[in-house]
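A.B. asks: let me see the structure of the following:
(4 chains)
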Number of protein chains: 2
Amino acid sequence: MKRQVTMKDIAKEAGVSIATVSMICNNKDKNISEATRTRILELIAKRGYVPNVMARSLVTKKTKTIGLIIPDITNPFFPEIARGAEDMASKSGYSVIYCNTDDKIKRQDNYIKILTEKMVDGIIFAHSAEKAEADFNKFRIPIVLIDRDSKADNVVGRVLVDNEAASMAGVSYLIQQGYKKIAYIAGSMKTKTAQDRLAGYRRALMEHGMPYDLKWVKKGSYRSQWGYDAIQEFEKESLSFDAIFCGNDLIAIGAIKALKEKGIYVPKDVGILGFDDVYLAQMTTPPLTTIRQPKYEMGYRAAELLIDVIEKEKKQEEKKERIILDTELVIRQSTK
Amino acid sequence: MKRQVTMKDIAKEAGVSIATVSMICNNKDKNISEATRTRILELIAKRGYVPNVMARSLVTKKTKTIGLIIPDITNPFFPEIARGAEDMASKSGYSVIYCNTDDKIKRQDNYIKILTEKMVDGIIFAHSAEKAEADFNKFRIPIVLIDRDSKADNVVGRVLVDNEAASMAGVSYLIQQGYKKIAYIAGSMKTKTAQDRLAGYRRALMEHGMPYDLKWVKKGSYRSQWGYDAIQEFEKESLSFDAIFCGNDLIAIGAIKALKEKGIYVPKDVGILGFDDVYLAQMTTPPLTTIRQPKYEMGYRAAELLIDVIEKEKKQEEKKERIILDTELVIRQSTK
DNA sequence: TACTATTAGTTAAACGTTTAACTTAAGGTA
DNA sequence: TACCTTAAGTTAAACGTTTAACTAATAGTA
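C.D. replies: Now for the predicted structure:
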């Protein structure tokens, strides 16, 4: 591979100093004559010069790169978030390094270390709450939380959804539709979202004067296999229900599959309510009634917020934005 | 934010030279006494020193970062690939920057430029063939192609699937099941995959002495809306068929939806064969018969190959690996 | 004329590492 | 004793930029 063309080469060939070339590249050209400016620019194009970002970053301490730490890109909830973040980032000239943690603290810590070393300018983070509260002090860079809240106060912002209110609205809808015995299959309780959704489920029941009983809630993970398995558990305990609120759409899909195998039909025999409205949700039979989260927007706004902080170099203290995005109950055919 | 702790700080505090610290950090410590070694290591831990990768990269010309250029992470075919690549990369201490091109040449070129500037050590690339052949000469870094082949000869490797053979096997299966009039809804003809799958469809028909007629093939995009629309087009032309081979699972799902709305049932009235075996495929009603691609493995192997080239600094000429992964016909319930 | 401003640059230090070449002291060998 | 080897470092250049501080020449002004 041929050697990279450097500023030095350009400067030498043009008979100017390196600083002149640098200034032209960075549009700090108030003190450069139009003639030299175009001459240098042409030379740059001709020689195919591209600036070395390493060298630049070394002095500016900005890498124009952000990190995106999520549990698993393979979970259909996350690609849209990632896409939103990437679209916004690239619009502002940033690249994004993505990291899958599987909600494992160890992987999470490792990525934090790596991203710190790589000197990313900031991080978008859907963190696991496995340890009571993540230690964000490890970060010396701005971080914005998505999807999952945390009490940690050294983050510059959050882009969330009101999981409790959304769940409450969803379960209330179920109640209004006449469902009497509503079970809840929760996702991983390691996440704040699962805790909030449980709280919403509970509040909906209470406010409608219906009993809240932990017998009717199963706690597991956010995978469709868990939805499938949870149904078996309910059956073992011979618990009967006429509707199930599921922690996310994947769980809902697994549950529907299990019910179908037992000859129980949705929504005829039991109603199913999902959460997220992933792409899949409209493709299943029956299409899922679910609570939509604006996933793309979540990623987009998070990147926007983060980049804003980075560029303004706001102190973390200054302004901690908390953006709450709207959810929407999407009524399809898994409920009557 | 506090200043980064540097090697200089460590060296000064320990009363050694910077070079000593550097050598210890990089395990080039043959000439370092065990005593100093542990002393420095302890100091590093105590002060929380992390090396500045920018500075290092500036001299070594390695960033331990690779790029992943794909059309769209939101397309369920790609997350698994991305995950495979990321898993392998992080195992070897590499990070991955991901880029969505939407198969737009302009975005593609832009990312190539950015990744070059950021000095990634290599690129994994699912490229669009919109322009006859992509100009990989823009790259001064190793690149491995995934999913879509190209005649370009300045790539260090490819990880592919034999789309033609796989399609031929799939369509042959359809024929063996007794289907007589098999249509094909193709994805974007900008991609080599779509072209190869068409070739396979054609060969299957020909080798079984069945007529190949372009009336029965519709060319569009890899989105489920296209599958839906293609059915309307067939109807307008009042073409009848008893099976459809779809360019991917998304198309298949869209087609099934359109058929269902017209009261045509799968597989009773028409059989449907998909491609990819995305997660969705087993969740739909009916679950899709489809040709599975080893997506995770594709990403994993591509990263493995790329990193191998990077670390060995093989010349591009030396060894151009072409890895062909096995596909598998997964028979579910969308065919009889 | 003497002074100030403006234009169009240049100089050189700094960013935090890596690494080839050198040094110095102690120990071994003939 | 004189010479060689080895261990345990040190020195200094290099990587490719950015940027604050400086300069030199010309134009404008009182």
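A.B. asks: tell me how many other residues surround the residue nearest to A:S128 when sequence neighbours are not counted.
C.D. replies: Spatially, and ignoring its direct neighbours in sequence, A:S128 is nearest to A:D103 (4.0 Å; C-beta to C-beta, 6 or more residues apart in numbering or on different chains). For the C-beta atoms, the positions are set from N, CA and C on the backbone; glycine is no exception. Neighbours of A:D103 under the rule other C-beta atoms under 10 Å in any protein chain shown: 21.
A.B. asks: what sits against A:D103?
C.D. replies: A:D103 sits next to A:71, A:128, A:130, A:188, A:190-191 when contact means C-beta atoms under 8 Å, 6 or more residues apart in numbering or on different chains.
A.B. asks: am I right that A:V309 sits in a helix?
C.D. replies: Yes: the assignment for A:V309 is a helix, going by DSSP: H, G, I helix; E, B strand; the rest coil.
A.B. asks: wait, it touches A:G157, no?
C.D. replies: Yes: here A:V309 reaches A:G157: they are 7.0 Å apart, a contact under C-beta atoms under 8 Å.
A.B. asks: anything in contact with each of the two?
C.D. replies: Both A:V309 and A:G157 are contacted by A:V144, under the criterion C-beta under 8 Å, 6+ apart.
A.B. asks: tabulate the CA atom coordinates of the helix or strand of chain A with the lowest mean pLDDT in PDB.
C.D. replies: Of all helical and strand segments in chain A, the minimum by mean pLDDT, DSSP states H and E falls on helix A:105-117, at a mean of 89. Extracted in PDB, the C-alpha atoms of helix A:105-117 (Å, rounded to 0.1, in the frame of the first residue of the first chain):
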ATOM      1  CA  ILE A 105     -22.000  -6.300  33.300                       C
ATOM      2  CA  LYS A 106     -18.700  -7.700  32.400                       C
ATOM      3  CA  ARG A 107     -19.100  -6.900  28.700                       C
ATOM      4  CA  GLN A 108     -20.500  -3.600  29.500                       C
ATOM      5  CA  ASP A 109     -17.500  -2.600  31.600                       C
ATOM      6  CA  ASN A 110     -15.200  -3.800  28.900                       C
ATOM      7  CA  TYR A 111     -16.900  -1.700  26.300                       C
ATOM      8  CA  ILE A 112     -16.800   1.300  28.500                       C
ATOM      9  CA  LYS A 113     -13.000   0.800  28.800                       C
ATOM     10  CA  ILE A 114     -12.500   0.400  25.100                       C
ATOM     11  CA  LEU A 115     -14.600   3.300  24.200                       C
ATOM     12  CA  THR A 116     -12.800   5.500  26.700                       C
ATOM     13  CA  GLU A 117      -9.500   4.400  25.200                       C
END
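A.B. asks: for chain B, what is the nearest residue in chain A?
C.D. replies: Residue nearest to chain B within chain A (C-beta to the nearest C-beta): A:T285, separated by 3.3 Å.
A.B. asks: where does pLDDT dip in chain A?
C.D. replies: By pLDDT under 70, the low-scoring segments of chain A are A:1-2, A:129-139, A:153, A:313-319.
A.B. asks: and if we set it to 50?
C.D. replies: A:132, A:316 (pLDDT under 50).
A.B. asks: for it, what spans make up the strands?
C.D. replies: Secondary structure of chain A (DSSP state E): strands located at A:65-70, A:95-100, A:122-125, A:143-146, A:157-161, A:182-186, A:217-219, A:243-246, A:271-276, A:289-292, A:321-325, A:328-330.
A.B. asks: tell me which residues in the last one are buried?
C.D. replies: Meaning strand A:328-330. Buried residues in strand A:328-330, counting neighbours by 16 or more other C-beta atoms under 10 Å in any protein chain shown, are found at A:329-330.
A.B. asks: and that strand, how far out from the chain middle?
C.D. replies: A distance of 19 Å separates the centroid of the chain from that of strand A:328-330, by C-alpha atoms, centre = their mean, to the nearest Å.
A.B. asks: so which residues make contact with it?
C.D. replies: A:169-170, A:173, A:277, A:281, A:289-292.
A.B. asks: who does that strand pair up with?
C.D. replies: Partners of strand A:328-330 in the sheet, by DSSP bridges, are strand A:289-292 (antiparallel).
A.B. asks: give the buried residues for stretch A:95-111.
C.D. replies: For stretch A:95-111, by 16+ other C-beta under 10 Å, it's A:95-101, A:103, A:107-108, A:111.
A.B. asks: report whether the least confident helix or strand of chain A contacts DNA strand C.
C.D. replies: No: Helix A:105-117 lies apart from DNA strand C when judged by C-beta under 7 Å from any atom of the strand; the minimum separation is 9.1 Å.
A.B. asks: between strand B:95-100 and that helix, find me the angle.
C.D. replies: When axes from the mean of the first three to the mean of the last three C-alpha atoms, to 10 degrees is applied, the directions of helix A:105-117 and strand B:95-100 differ by 80 degrees.
A.B. asks: tilt between helix A:105-117 and strand A:65-70?
C.D. replies: Here helix A:105-117 points in a direction 170 degrees away from that of strand A:65-70 (the same axes, to 10 degrees).
A.B. asks: about what we covered before: could you measure from the residue lying closest to the residue of chain A closest to chain B once chain neighbours are set aside over to B:A186?
C.D. replies: Once flanking residues are discounted, A:T285 sits nearest to B:T285: 3.3 Å by C-beta to C-beta, 6+ apart. Using C-beta to C-beta, to the nearest Å, B:T285 is found at 24 Å from B:A186.
A.B. asks: which residues in chain A form helices?
C.D. replies: Applying DSSP state H to chain A gives helices spanning A:7-14, A:18-25, A:34-47, A:53-60, A:78-91, A:105-117, A:163-176, A:192-207, A:224-236, A:249-261, A:295-312.
A.B. asks: turn those helices into a markdown table, columns for distance to chain B.
C.D. replies: Shown next, in a markdown table, are the helices of chain A (distance: least, C-beta to the nearest C-beta, whole Å):
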| stretch | distance to chain B |
| --- | --- |
| helix A:7-14 | 13 |
| helix A:18-25 | 12 |
| helix A:34-47 | 13 |
| helix A:53-60 | 5 |
| helix A:78-91 | 5 |
| helix A:105-117 | 5 |
| helix A:163-176 | 21 |
| helix A:192-207 | 20 |
| helix A:224-236 | 7 |
| helix A:249-261 | 5 |
| helix A:295-312 | 8 |
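A.B. asks: between the contacts of strand A:328-330, which has the most around it?
C.D. replies: Neighbour counts for the contacts of strand A:328-330, by other C-beta under 10 Å, peak at A:T290, which reaches 28 neighbours.
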